[in-house]
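> starting from these lines, generate the structure:
(2 chains)
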Amino acid sequence: MTEPVIAILDYGIGNLHSAHKGFAHVGANAVLTRDPRVIADADGVVLPGVGAFGPCLQALRAVGLDEIAHERIEAGVPFFGICVGMQVLFAASDESPGVDGLGVFAEHIVRLPDTVKRPQMQWNTIDQTAADHPMFAGLADDAWMYFVHGFAAEQGPHVVATCTYGDELVAAVGRDNVWACQFHPEKSGQNGLRILQNFVDAAREAS
Amino acid sequence: MHLFPAIDLRDGKCVRLHQGDYAQETVYGDDPVAQAVAFAEQGAGWIHVVDLDAARTGVPENRHVVAAIAAAVDVPVQVGGGVRGREAALALFDAGVERVVIGTAALRDPDFVRELAVDHRVAVGLDAKAGEVATDGWLIGSGRRVLDVARSFADAGVDAFVVTDISRDGTLEGPDLGGLRDITNATPVEVIASGGVGTLDDLRALRALEMDGRRLAGAITGKAIYEGRFTVAEGVSVLEGRS
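Sure thing, here's the model as predicted:
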């Protein structure tokens, strides 16, 4: 059995080493790429993101990866958005008014509540809200994950995990072949690696 | 509360100094990257790296090792030692470092820290001997009181103070609980304790410190782990209140 190919979308934002390393560690043939042919042949697609909502979308659109992301999602290929890469899958964000998100999820990204220090930068436990989402296979119900974010998704029908920070915040969403998490699985130790492993497993099964 | 296993780099190797004395060095390993990976696999939530060469000279001698560690581990890495300007800090962030610890430069150029902390993760290193902050790889006394320096950064937007008692570092004699309590009480900034941890009971004492409902954010340990006094897994378990 060959290793599933995981295409990590490289659109010129930030440091992708740890994501690449994490997927390689759990047995994927991980490639950093913006080449449409490579992405089309991949068994799974990962959309990372750091910084702010608007600049990430601008960078995605500048290299045409917004359309490719939509196309892969519609084709049913396992797709995983991480941190700001999760947020850009939503309709819009308070962080960058007037910038359209990819709209895969209809809700908006909103600022964390005024009652807490922003951004949330810490290890926090998640609370799984959907029964047996494959993202969390093999993990404790209250696994620790590493978060760095000042904005989070509104509650909606596709939420599969939350965390408590002032309010109950959306920590992960899932719909069919699309998974996304606000925390950084590639920085969350063994728990995070298990999530990457689960995604690689899903990609293997789908291929 | 987090355990921060420490990796002190000198000439590309993993070493420990006794009370910060560069002449009293013990080499613990030639492969700091493998060391960091092992710490993360044992459940450490962070890895704390100090570039001892850069701390003394300001030249980032071990930057390639830092980058290799940050790329190899799947937990956040914080790095201190010789981060004396914005350029040096940004180079570390580019290398995949999550947070920089700034000591000497924070005293000489507080505005550099404030400006960096606007959109980067910064901790201020307060390295003190008898209440006086030391700089330049602990070789020089600053003449400034540690509590005064802490207060001056209370509103700077930094993540944390990394508080080291130089007279205890590398001695395994137990942390300075009173000093940690005073610094925590002085500002709202989180405090990470460093220096002197020798036993699991020392970690229990750090975890038990409570100041108006606030606790320490973490404990940095080096020698105790390298000398086998306890394992990273045991330390994590204590600091998480599980044993």
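> check residue A:15 and give its pLDDT.
Residue A:15 carries a pLDDT score of 67 in this model.
> report the separation between the residue of chain A found nearest chain B and residue B:162.
When scored by Cβ to the nearest Cβ, chain A has residue A:17 as its residue closest to chain B, at 4.4 Å. C-betas here are computed from N, CA, C, even on glycine. The spacing between residue A:17 and residue B:162, counted by Cβ to Cβ, to the nearest Å, is 25 Å.
> okay, these two: which has more neighbours?
The neighbour comparison of residue A:17 against residue B:162 (other Cβ atoms under 10 Å in any protein chain shown) goes to residue B:162, with 28 against 16.
> right, and that one touches residue B:126 too?
Yes: at 7.0 Å, residue B:162 and residue B:126 qualify as touching, with contact defined as Cβ atoms under 8 Å.
> which residues of chain B lie near chain A?
Applying Cβ under 8 Å from any Cβ of the partner chain, one finds that chain B approaches chain A through B:2, B:40-41, B:43-45, B:70-72, B:74-76, B:93-94, B:96, B:98, B:121, B:159.
> buried subset of those, written for ChimeraX?
The following ChimeraX line selects those of the residues of chain B next to chain A that are buried, judged by 16 or more other Cβ atoms under 10 Å in any protein chain shown:
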select /B:2,40,41,43,44,45,70,71,72,74,75,76,93,96,98,121,159
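> just the residues of chain B next to chain A: which are in helices?
B:40-41, B:70-72, B:93-94 (DSSP state H).
> just send the residues you listed back as a markdown table, with pLDDT too.
Rendered in a markdown table, the data for these read as follows (pLDDT from 0 to 100):
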| residue | pLDDT |
| --- | --- |
| B:40 | 95 |
| B:41 | 93 |
| B:70 | 93 |
| B:71 | 89 |
| B:72 | 90 |
| B:93 | 93 |
| B:94 | 89 |
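> for the residue in chain B positioned nearest to chain A, which non-adjacent residue is spatially closest?
Closest residue of chain B to chain A, Cβ to the nearest Cβ: residue B:71 (4.4 Å). Leaving out its chain neighbours, the residue that sits closest to residue B:71 by Cβ to Cβ, 6 or more residues apart in numbering or on different chains is residue A:17, at 4.4 Å.
> verify the stated contact: the residue of chain B closest to chain A with residue B:96.
Yes: in this structure residue B:71 lies within contact range of residue B:96 using Cβ under 8 Å: 5.6 Å.
> between these two, what contacts are shared?
A:17-18 (Cβ atoms under 8 Å, 6 or more residues apart in numbering or on different chains).
> from residue B:234, how far out is residue B:31?
The gap separating residue B:31 from residue B:234 is 23 Å, by Cβ to Cβ.
> and those two? which has more neighbours close in?
Neighbour totals were compared for residue B:31 and residue B:234, and residue B:234 leads with 17 against 14 (other Cβ under 10 Å).
> in the lowest-mean-pLDDT helix or strand in chain B, what's buried?
Taking mean pLDDT, DSSP states H and E as the measure, chain B has strand B:140-145 as its least confident helix or strand, at a mean of 85. For strand B:140-145, a neighbour-count test (16+ other Cβ under 10 Å) marks B:142, B:144 as buried.
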